[in-house]
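K.L.:
The sequence and its predicted three-dimensional model are supplied below.
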Amino acid sequence: MIYDILDHTADLKVKIYGNSYLTIFENSIIAMSDLIVDREFLKPDFYKPIDIEKNSPDDILVNLLNDILFYMEYEDVIYFTSELEFAGNRLHGTIYGSHLPSNVEYKNVIKAVTYYNLRMDPEHGSATVVFDI
């Protein structure tokens, strides 16, 4: 398993595993999409190049996941896998997704990715992310 759901009173708190920032970014995309829909029936038929440069890996992660939520809302595409490269404070590559069917059943409706309790610690093999639901 690449993530675990943690106890939280109002939102969705998740521990995402990865022993590098790159692995945490990639696993975060998978985890968030898995928390939103059943990915079992999705086929990657859309792709989008991404290029994010921010002051810190925390900022990159929040920006990446919030962008994916934006694309889901306005393009009806859920991105659930990626081919990424990370160096310095820049993440670039390609995210892959699928058009959401009109009869999609949502597991969770995630409104945003927050900075609340955000912790990226690849040296200890994980990150903690709180999703506003």
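P.N.:
It's in. Numbers count the residues shown, from 1 in each chain.
K.L.:
What distance do you get for the most centrally placed residue in the chain to Asp7?
P.N.:
With distances taken as CA atoms, centre = their mean, the residue of the chain nearest its centroid is Ile29 (3.0 Å). As judged by CB to CB, to the nearest Å, Ile29 and Asp7 stand 23 Å apart. Where you see a C-beta, it was placed from the backbone N, CA and C, and this is true even at glycine.
K.L.:
First-to-last residue distance for stretch 65-84?
P.N.:
Length of stretch 65-84, first residue to last, CA to CA, to the nearest Å: 14 Å.
K.L.:
Go through it and flag the buried ones.
P.N.:
With burial defined by 16 or more other CB atoms under 10 Å, the residues of stretch 65-84 counted as buried are 65, 67-69, 71-72, 77-82, 84.
K.L.:
As CSV, those residues with pLDDT, distance to Glu105 and secondary structure would be great.
P.N.:
Output for these, formatted as CSV (pLDDT from 0 to 100; distance: CB to CB, whole Å; DSSP: H, G, I helix; E, B strand; the rest coil):
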residue, pLDDT, distance to Glu105, secondary structure
Leu65, 98, 21, helix
Asp67, 98, 24, helix
Ile68, 98, 19, helix
Leu69, 98, 18, helix
Tyr71, 97, 20, helix
Met72, 96, 15, helix
Val77, 97, 17, strand
Ile78, 97, 13, strand
Tyr79, 98, 18, strand
Phe80, 97, 16, strand
Thr81, 96, 20, strand
Ser82, 98, 24, strand
Leu84, 98, 29, strand
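K.L.:
and of the residues you listed, the nearest to Ala127?
P.N.:
Checking these against Ala127 with CB to CB, the nearest one is Leu65 at 11.0 Å.
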